[in-house]
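S.K.: Got a sequence here, can you model it:
(chains A and B)
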Amino acid sequence: MTEGLRKWRFAGLVLLLFLALLLDLSAGSVRIPLREMVRIFFSSSGGNDTWRFIVEQIRLPKACAAVMAGCGLSVGGLQMQTLFRNPLADPGILGITAGASLGVAAVMLAGGSIATIYAIKELGVTGSWLITVAACTGAGLVMLLVLALSARLRDNVVMLIIGLMLGSVTLAITSIWQYFSNPQDVKEYLLWTFGSLGGVTGMQLFILAVMVLIGLAAAFLSSKMLDALLLGENYARSMGLTVRRARLVIICSTSLLAGSITAFCGPIGFIGLAVPHLARGFFNTASHRILMPACCLIGTILLLLCDSIAQWPGSQTVLPINIVTSLVGAPTVIFLLLRKKNINAYR
Amino acid sequence: MNTGSPLLVTRNLQTGYRSGGRKISVSAELPELSVRAGRLICLLGPNGSGKSTLLRTLAGLQPALSGIVEIGGKWGLSSPELARQVSLVLTDRVGGSNLDVRDLVALGRYPWSGWLGVLTATDKAAIGRAIEAADIASLLDRKVHTLSDGESQKVMLARALAQDTPILMLDEPTAHLDLPSRIRLMRLLHQLAREMNKGILLSTHELDLALQVADEVWLLQSAGPLHKGVPEDLVLEGVFEAAFAKEDVTFDRTTGVFRIHPEGARAIGLAGSGIIAFWTRRALQREGFTVVTEEAAASAGVIIKIEEQQGAPVWVMQAGERLTSIAQLLETLNHRHLS
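M.R.: Below you'll find the predicted structure:
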């Protein structure tokens, strides 16, 4: 693909991103005319106060969360797929997402225990903050375990298997917890696993943004290392890449992205798996300097569209985001498998 | 030819693996090995003799059990420093993820480019030279996973050339290639050593090609020391014969090829010389005859003389039969033997 065509495609994606953003902002149970929307954005006062509140306090933070989650999950997925040279890798493959789930399960399902009640009273945190902190702790602990193991290993395939095993064990512990908990608590936990972009506001949004930005910066800086890893570890080493250090940077970046996003928004599937494939197909390249921004754009567009679908314009009900991404993502992956063009390239 | 200080020298090197604290040595302690600029070295040896292990150890992909590998006068180089001294073509399959040939070759500039991998004019010039040297200009827009084995090998060579290092090492570059591709690749490597003044080390099973192109041969055996030297010296000293006799294979010193057919019990005399005698001998050996000189065959009773009649060869049997092709000759011999 020529440089020029690539630029046009990027421009097209940026345009699409604005359209998706607009669609997402106007989607919801309350219909707000487009002209009002523009006025809310470009003047600080006037117009319908209710509408202004809905857009500024509810829809805009939700769209911001979607942008961050879309970027972070896609880039994390791209990093994992390249690091492990596996088309089915996603940001959760090392068990980071499972770690976040375990943290949340620990708080919700042990809700009656003395320690938790004490924590809530002493720290004065709201339920939502508590869940976020718990998820961050869970994801962080699994990440530390993964990093400690990663520093000892020479082989990426062994790292992948260990990551899968960690995830499996973490989920098993969560299941044991569910098994012994009362149904009401389990239902609350299940609601969390449906994912939600809407719960992130104010300070939480700021913290999420900082963590995602750090993760993305590390990912962009690792572009060159990821390019070298495309040839496999031996060639990468022969070109001067310190494989262990590269793996550490890449796993840190993905863990930060996946861990923080799962902590604040709950698990969101398929974006991290499907978007890197879409980006490779659309730009017909393997160069990570192009794929990184491409993943950010496509991931954001896809998640905004999924969120708009979840709102189902005009209806009063809202579908959980994790269900919509799976409904949209699964056919995408099947389509890619049938077309084979991109998946085949891994063999 | 530059015969100055060597690019790579080993001292007291022993190769092998560490497994659970134990050292598993692959080869006996090696003699001092050196790679010089402008020279092509072929590393030969049967499967399991430790060719790949030696190559990987020299390239810094795996640590030596003991001893040192000195490159550019220094040892213990960091991997970025090493990457500016040694480039590799490995047997690892490079499948993919949408990688095209142009990007793959450009990756060779990895040790020289900045932290984002942006290519400078110097980088682009080096890539251009590599593409020209490996003759892959027509493949640039192809995806790597669509290449044939021969094309793939040339592309990986171009990537190594773009890395622009004084030393180039190749692990069995001729495996999976058909005969013309094997010959072209060997010829190309020989040219690269001469014209770009690189020190090239390659492991291969192609003994006959190695004998033709190598400036030096390192011969590894399943057991025993590593022999090194100019290939013709090794042949004349009988090193090849001795080494391959252990593998139950006969190396024919006079022809420089391996003999598939064991020495036959039936002796036959052949009088003649030149190309016709050479190919007649080959045919007779296949049929189970041991070809001896005319005098020695006097007792055996069968002597074939090669004559020429109007520009075409004629094989004359002792009884006076005149045969005009090797097919006829073999038929007559077999017929007589049976009766």
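S.K.: which residues touch the residue in the stretch 51-200 of chain B positioned nearest to chain A?
M.R.: Closest residue of the stretch 51-200 of chain B to chain A, Cβ to the nearest Cβ: B:Ala83 (3.1 Å). Where C-beta positions appear, they are placed from N, C-alpha and C, glycine not excepted. Under the criterion of Cβ atoms under 8 Å, 6 or more residues apart in numbering or on different chains, the neighbours of B:Ala83 are A:238-240, B:110-111, B:163, B:165.
S.K.: How about the secondary structure of whichever residue of chain A sits closest to chain B?
M.R.: Closest to chain B within chain A is A:Gly240: 3.1 Å, counting by Cβ to the nearest Cβ. Secondary structure assignment for A:Gly240 (DSSP: H, G, I helix; E, B strand; the rest coil): coil.
S.K.: these two touch, right, it and B:Leu82?
M.R.: Yes - using Cβ atoms under 8 Å, A:Gly240 is in contact with B:Leu82, at 6.9 Å.
S.K.: B:Leu220: which of the contacts of B:Ala83 is nearest?
M.R.: Relative to B:Leu220, the closest of the contacts of B:Ala83 is A:Ser238; by Cβ to Cβ it sits at 21.8 Å.
S.K.: Highest neighbour count among the contacts of B:Ala83?
M.R.: Neighbour count (other Cβ atoms under 10 Å in any protein chain shown) singles out A:Ser238 as the most crowded of the contacts of B:Ala83, with 29 neighbours.
S.K.: Enumerate every residue touching that one.
M.R.: Here A:Ser238 is in contact with B:59-61, B:83, B:86-88, B:90 (criterion: Cβ under 8 Å, 6+ apart).
S.K.: cutoff 6 Å now
M.R.: B:Leu88 (Cβ atoms under 6 Å, 6 or more residues apart in numbering or on different chains).
S.K.: Next one, pLDDT for it please.
M.R.: Among the per-residue scores, A:Ser238 holds a pLDDT of 92.
S.K.: Apart from its neighbours in sequence, what residue is nearest the residue of chain A closest to chain B?
M.R.: Among residues not flanking A:Gly240 along the chain, B:Ala83 sits closest, at 3.1 Å (Cβ to Cβ, 6 or more residues apart in numbering or on different chains).
S.K.: same question, B:Leu192
M.R.: B:Lys198 (5.7 Å).
S.K.: And the contacts of the helix or strand containing B:Gln328?
M.R.: Following DSSP states H and E, one finds B:Gln328 within helix B:326-338. Helix B:326-338 is contacted from outside by B:283, B:287, B:315, B:323, using Cβ under 6 Å, 6+ apart.
S.K.: Now do it: distance to the chain's middle.
M.R.: Computed by Cα atoms, centre = their mean, to the nearest Å, the chain-centroid distance of helix B:326-338 equals 37 Å.
S.K.: cool, stretch A:35-45 as well?
M.R.: 30 Å.
S.K.: in it, what counts as buried?
M.R.: A:36-37, A:39-40 (16 or more other Cβ atoms under 10 Å in any protein chain shown).
S.K.: tell me the two of the contacts of B:Ala83 that are most distant?
M.R.: Maximum distance among those (Cβ to Cβ): 11.6 Å, for B:Tyr110 and B:Thr165.
S.K.: so where is chain A shaky, pLDDT-wise?
M.R.: A:1, A:46, A:111-128, A:313-315, A:337, A:340-347 (pLDDT under 70).
S.K.: Specify the residue ranges that define each domain of it.
M.R.: Residue ranges for the domains of chain A, per automatic domain parsing: A:90-266, A:268-347.
S.K.: any idea which of the contacts of B:Ala83 is closest to A:Thr325?
M.R.: Among the contacts of B:Ala83, and counting by Cβ to Cβ, the member closest to A:Thr325 is B:Tyr110, at 35.8 Å.
S.K.: Can you tell me the closest non-neighbouring residue to B:Thr120?
M.R.: B:Ser113 (7.3 Å).
S.K.: Helix, strand or coil: sort out that neighbour for me.
M.R.: Put simply, B:Ser113 is coil when judged by three-state DSSP.
S.K.: What is the burial count for it?
M.R.: 17.
S.K.: how about the helix ranked longest in chain B: buried residues?
M.R.: As assigned by DSSP state H, the longest helix anywhere in chain B is helix B:179-195. Buried residues in helix B:179-195, counted by 16+ other Cβ under 10 Å: B:181-183, B:185-186, B:188-190, B:192-193.
S.K.: helices or strands up against it?
M.R.: helix B:207-213 (3 or more Cβ pairs under 6 Å, 6 or more residues apart in numbering or on different chains; DSSP states H and E).
S.K.: returning to what we had before: just checking: the least confident one among the buried residues of helix B:179-195 is which?
M.R.: B:Ser181 (86).
S.K.: Now do the same contact list for that one.
M.R.: Applying Cβ under 6 Å, 6+ apart, the residues contacting B:Ser181 are B:Gly150.
S.K.: Try it again at 8 Å.
M.R.: B:149-150, B:153, B:174.
S.K.: Next: B:Ile276.
M.R.: Applying Cβ under 8 Å, 6+ apart, the residues near B:Ile276 are B:306, B:313.
S.K.: Can you pull the residues of chain B lying near chain A?
M.R.: Residues of chain B lying close to chain A (Cβ under 8 Å from any Cβ of the partner chain) are B:59-61, B:79-84, B:86-88, B:90, B:92, B:94-100, B:103-104, B:107-108, B:110-111, B:113, B:115-117, B:143-145, B:163.
S.K.: Surely A:Ala236 touches A:Lys224?
M.R.: No - with contact defined as Cβ under 8 Å, A:Ala236 does not reach A:Lys224; the gap is 10.7 Å.
S.K.: neighbour count winner among these two?
M.R.: Neighbours per residue, other Cβ under 10 Å: of A:Ala236 and A:Lys224, the larger number sits with A:Ala236, 24 against 21.
S.K.: what's the helix or strand for that one?
M.R.: Assigned by DSSP H and E, A:Ala236 falls in helix A:233-238.
S.K.: do the same with A:Leu78
M.R.: With DSSP H and E as criterion, A:Leu78 is part of helix A:60-83.
S.K.: Residue of the stretch 201-339 of chain B closest to chain A, please.
M.R.: B:Leu201 (13.6 Å).
S.K.: Identify the bridge partners of that residue.
M.R.: Applying DSSP bridges to B:Leu201 gives these bridge partners: B:Ile41, B:Met169.
S.K.: OK, contacts around it?
M.R.: B:35, B:41, B:43, B:55, B:58, B:167-170.
S.K.: Who wins on neighbours among the contacts of helix B:326-338?
M.R.: Going by other Cβ under 10 Å, B:Trp315 tops the contacts of helix B:326-338 with 23 neighbours.
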